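**Q** One predicted model, sequence on top.
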Amino acid sequence: MFSGSSRLLRLIVVTAFVGLLATADLLLSRPSLTTGTVSPQAPRLLVLVVFDQLRGDYLERWQPLFGDDGFNRLMHDGAWFTDCHYPYAYTVTGAGHASLLTGCSPDKHGIVANEWFERGLGGIVNCVDSYGHEQVPSSQATAAEGNRRPRAPGASPERLLAPTVGENLKRATASRARVVSLSFKDRSAILPAGRRADACYWLDGDNGQFVTSTYYRGQPHGWVTGLNRAEPLPANRWFGLDWERLHPQLDYSRYSGPDDMPGEGTGQRQGRTFPHPMSGGSERPGRAYYLALFNSPFGNDLLLTFAKRAIDAERLGNGPAPDLLCISFSSNDAVGHTWGPDSQEVLDVTLRSDLIVRDLLAYLDDRVGPGRYLLALTADHGICPLPEASRSALIPPRRYPPAPVPAERVAADGIDGLANRANRFLNETFAQEGREGQWFEAVLLPWMWLNPGNLRERGLDAATVEKKLADWLARQPGIQVAYTRSQLTAPISPGDELGESIRRSFHPERSGDVYVVLKPYCLFSSPLATGTNHGTPHTYDTHVPLLIYGPGIAGGPHSQRVTPQAIAAIFAHALGIAPPSAAEARVPDGLFGNDE
Ligand SMILES: [Zn+2]
């Protein structure tokens with residue numbers, strides 16, 4: 001889930017095109033001439049903190065439960081933007097992390113999804129699939145699992161099409177600045193940093209080690225190898241323990257929902273209610289345990305330990321030039337997917353995230369010094385309530401079967417996927433002497449790719465079929481509207497905010513032909529499934545916190561509408577360098593109170 005080992009098959013498709021794309025890569029990495037030099041007054045360290053799936057309302061909702069030195073310190077002493085939304089429709093992890101330090105949307109930075117179908121390649125690719133690089137150290141299952149995996153394909157930022165603050169900072173300082181980016185998930189470490197990270201690490205879910213890619217360097221740093229060889233391994237600290245509530249005396253149901261709610265999942269044999277066992281059902285630490293670790297607050301604790309080690313080993317904030325540190329805490333996302341945003345588990349991981357922020361700030365004060373670092377805290381997307389728990393929608397919220405569903409399963413249990421029904425509709429609409437066609441080349445909802453071979457054989461033009469399909473989709477239960485490629489490549493009508501948000505999620509070579517927008521509070525999900533998801537243009541998915549803390553920042557709440565993409569311009573401004581060339585979001589008015 002969070003490392004590269006599952007993409008082996010897809011890489012077979014990708015590697016055939018290595019030569020072609022490596023050329024494109026060279027063209028993209030040409031230096032800009034307008035970066036400038038770093039201001040002597042710049043903070044010594046820029047820190048980007050992401051909590052994956054920390055929805056925008058959580059800080060207000062649970063503020064009374066936080067201590068003074070964590071989120072509250074940032075909310076009071078820093079600038080707190082309470083109306084911060086992603087401006088694009090498909091709100092997922094890869095897209096969010098790519099947006100923050102490029103300052104732009106997927107239409108420009110190209111990370112339209114975590115995975116997409118690429119027509120030019122004829123296959124599905126992951127947003128950080130690399131062209132020929134390898135993971136180091138390579139992935140090996142632990143002895144407990146009894147098997148060794150083949151060397152895992154590496155990951156890289158090669159699919160990111162826009163430059164980042166980190167790249168501009170490296171250029172402006174003749175590489176004296178250090179760029180370090182860390183996460184549990186590979187894409188969440190790779191995408192914020194961009195192409196010139198000095199240290200970029202994530203967790204290998206097979207063996208609990210922190211790993212990088214030969215894209216960055218041939219071997220991990222010595223301090224990383226030291227941690228990976230430590231006995232006991234830092235990641236194994238929670239094996240066999242239980243995840244209990246942080247505050248046993250607090251009545252969690254007053255602030256969230258009941259502990260056991262319909263629609264909740266059970267994670268890695270962790271159950272629906274506290275306490276949650278942390279072994280993953282295994283005798284010894286292995287893949288199941290590392291998934292349980294990911295799906296608990298302790299994944300964040302592990303990453304904080306790793307980040308502190310990085311701050312010390314790389315002397316971040318104490319070098320010859322300002323440095324950049326990106327830390328993306330992933331466990332909030334896993335917990336939210338499993339138990340939903342109104343669960344006691346999400347309340348608990350958020351309360352524990354407050355302690356992470358407290359400890360990180362104290363560490364930065366100690367190692368870098370108060371007033372010497374600028375920190376931005378945000379999230380990559382929000383989350384939809386469990387359909388079973390939603391009462392606020394106008395239609396009954398429910399789960400809509402994703403696609404495609406095999407024919408035998410449709411017959412067996414009556415589940416009929418959207419793509420199967422759409423295929424039948426197109427066969428009926430464009431009937432040709434009983435000829436049945438395969439109308440889709442790929443379906444990765446919300447995108448559907450029409451099969452161009454089928455259209456050619458029938459002499460149909462794509463625009464006609466897209467339109468029929470979109471009109472049909474918009475009449476289906478749970479679907480609000482569908483947009484076509486033809487609509488998205490023409491000017492969007494003035495005032496069509498939804499269309500504009502989908503256009504910002506659209507890239508002609510990486511997106512499909514029809515984009516489906518679900519009604520609020522509905523999910524693409526088997527009716528038999530549990531848990532919840534994000535990835536819509538609805539406010540529960542677009543709303544995230546934005547906190548900016550550091551020297552020269554005017555503290556307190558700000559009500560102006562902003563996007564988290566403004567962090568790119570804010571960091572560039574603090575450094576005195578030009579924002580990345582594709583950045584669209586500007587520094588919010590009045591943020592740097594002591595300026596000008
Ligand atoms: Zn995410």
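**A** Received the coordinates, thanks.
**Q** which residues touch residue 166?
**A** 101, 179, 181, 192-194, 196-197, 324, 326 (CB atoms under 8 Å, 6 or more residues apart in numbering). Any C-beta I mention is one placed from the backbone N, CA and C, and that applies to glycine too.
**Q** Tell me, what's the model's pLDDT at whichever residue of the stretch 201-350 of the chain sits closest to the ion?
**A** In the stretch 201-350 of the chain, the residue that lies nearest the ion is residue 333 (4.5 Å; CB to the ion). Per-residue pLDDT puts residue 333 at 98.
**Q** residues near it, how many?
**A** Applying other CB atoms under 10 Å, we find 28 residues neighbouring residue 333.
**Q** Could you pull up the contacting residues of it?
**A** Counting by CB under 8 Å, 6+ apart, residue 333 touches 52-53, 93.
**Q** for the stretch 1-150 of the chain, what spans make up the helices?
**A** 8-15, 18-28, 58-61, 71-77, 93-100, 106-109 (DSSP state H, counting those that start in this stretch).
**Q** ok, so what distance separates the residue nearest to residue 531 when sequence neighbours are not counted from residue 520?
**A** Spatial nearest neighbour of residue 531, chain neighbours left out: residue 265 (4.1 Å); criterion: CB to CB, 6 or more residues apart in numbering. Separation of residue 265 from residue 520 (CB to CB, to the nearest Å): 22 Å.
**Q** What is whatever helix or strand residue 226 lives in packed up against?
**A** Assessed by DSSP states H and E, residue 226 sits inside helix 222-228. Identification of packing neighbours for helix 222-228 by 3 or more CB pairs under 8 Å, 6 or more residues apart in numbering; DSSP states H and E yields strand 210-213, helix 298-313.
**Q** Can you show me the CA trace of the last one as PDB?
**A** It stands for helix 298-313. Provided in PDB are the C-alpha atoms of helix 298-313 (Å, rounded to 0.1, in the frame of the first residue of the first chain):
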ATOM      1  CA  PHE A 298       2.000   4.800  16.000                       C
ATOM      2  CA  GLY A 299       3.000   5.100  12.300                       C
ATOM      3  CA  ASN A 300       3.100   8.800  12.900                       C
ATOM      4  CA  ASP A 301       5.200   8.300  16.100                       C
ATOM      5  CA  LEU A 302       7.700   6.200  14.000                       C
ATOM      6  CA  LEU A 303       8.000   9.000  11.400                       C
ATOM      7  CA  LEU A 304       8.500  11.700  14.100                       C
ATOM      8  CA  THR A 305      11.400   9.600  15.500                       C
ATOM      9  CA  PHE A 306      12.900   9.300  12.000                       C
ATOM     10  CA  ALA A 307      12.400  13.100  11.300                       C
ATOM     11  CA  LYS A 308      14.200  14.000  14.500                       C
ATOM     12  CA  ARG A 309      17.100  11.800  13.500                       C
ATOM     13  CA  ALA A 310      17.100  13.500  10.000                       C
ATOM     14  CA  ILE A 311      17.200  17.000  11.600                       C
ATOM     15  CA  ASP A 312      20.200  16.100  13.700                       C
ATOM     16  CA  ALA A 313      22.100  14.000  11.100                       C
END
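**Q** On the C-terminal side of it, identify the next helix or strand.
**A** strand 323-329.
**Q** Please name the residues that touch the residue nearest to residue 330 when sequence neighbours are not counted.
**A** Leaving aside its chain neighbours, residue 330 sits nearest to residue 184 (3.7 Å; criterion: CB to CB, 6+ apart). Contacts for residue 184 (CB under 8 Å, 6+ apart) come out as 2, 202-203, 294, 299, 302-303, 328-331.
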